[in-house]
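In: give me a 3D structure for the following:
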Amino acid sequence: MSESVVGVRQLPRFLTASLARELGILLCLSVMFPFMVHLIPVPGDAQLGPRLLPMFYAPLLAALWGRVRSAVTLALCAPWLNWALTTHPAPAGALVMVVQLLVFVGAFRLFVNAVVARWFLAAPAFLAGMVASAVLTAAAPALIGGRAAVGWAIQGVVIGLPGIAILVLINSAALRFYPPGPGGGPVAA
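Out: Take a look at the predicted model:
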């Protein structure tokens, strides 16, 4: 006996096979980009991660293509997954990076919906993430070793200028060669 209940609709599932595959690929990229950047030989104790900002590449692409759930999941998971696999960033840094990435993704989506020219939006979204992390670290200075939050944030922006340029380049190239489609994801996919 099969009874159908009239007026009852089925709730959407959060984790579909398509979303799981997408998250798997994006999480792999969010670990692979920082790992590859850290393999580049640099003199002395220079760190390329804070300069090139590889942790932001995969969330940027997900946010750009309208994959908000994936972008937020990346923002929440990527710093912790990187810490679990490589011990970088340290747990305090991972917490700060989660805040930066969440605000970056949220600000980017807000800017995309409000602005017609979208090729440069990664830069103001990154700055919004830095402002949010400065507020967090002003409230909890132990997260950055007790340093002054504003000085730390300004130094992070200055050091990250090459990475900001890379984010804008990725933003611009993705819009030009793989523009977002109406249902999310690139048109070519």
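In: quick one: the helices in the protein?
Out: Applying DSSP state H to the chain gives helices spanning 17-39, 49-52, 57-64, 68-86, 91-114, 122-139, 149-159, 161-177.
In: packing partners of the helix or strand of the chain with the lowest mean pLDDT?
Out: In the chain, the helix or strand scored least confidently by mean pLDDT, DSSP states H and E is helix 17-39, which has a mean of 89. With contacts taken as 3 or more CB pairs under 8 Å, 6 or more residues apart in numbering; DSSP states H and E, helix 17-39 sits against helix 49-52, helix 57-64, helix 68-86. Where you see a C-beta, it was placed from the backbone N, CA and C, and this is true even at glycine.
In: what ranges of this protein fall below the confidence cut-off?
Out: 1-14, 183-185, 187-189 (pLDDT under 70).
In: geometrically speaking, which residue is the centre of it?
Out: Taking CA atoms, centre = their mean, the centroid of the chain lies closest to residue 59, which sits 3.3 Å from it.
In: residues in contact with it?
Out: If you count contacts by CB atoms under 8 Å, 6 or more residues apart in numbering, residue 59 has them with 26, 30, 71, 74-75, 78, 101, 104-105.
In: want to throw the residues you listed into JSON lines with neighbour count and distance to residue 92?
Out: Shown next, in JSON lines, are the contacts of residue 59 (neighbours: other CB atoms under 10 Å; distance: CB to CB, whole Å):
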{"residue": "26", "neighbour count": "22", "distance to residue 92": "25"}
{"residue": "30", "neighbour count": "26", "distance to residue 92": "19"}
{"residue": "71", "neighbour count": "26", "distance to residue 92": "23"}
{"residue": "74", "neighbour count": "28", "distance to residue 92": "20"}
{"residue": "75", "neighbour count": "27", "distance to residue 92": "17"}
{"residue": "78", "neighbour count": "25", "distance to residue 92": "16"}
{"residue": "101", "neighbour count": "29", "distance to residue 92": "15"}
{"residue": "104", "neighbour count": "30", "distance to residue 92": "19"}
{"residue": "105", "neighbour count": "27", "distance to residue 92": "21"}
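In: tally up the residues packed near residue 182, please.
Out: Neighbour count of residue 182, defined by other CB atoms under 10 Å: 7.
In: ignore the last one, residue 153
Out: With other CB under 10 Å as criterion, residue 153 counts 22.
In: that one reaches residue 133, doesn't it?
Out: Yes - contact status for residue 153 versus residue 133: in contact at 6.8 Å, counting by CB atoms under 8 Å.
In: so which of the helices and strands packed on helix 17-39 comes closest to residue 124?
Out: Minimum separation from residue 124 across the helices and strands packed on helix 17-39 (CB to CB) falls at helix 57-64, 12.6 Å.
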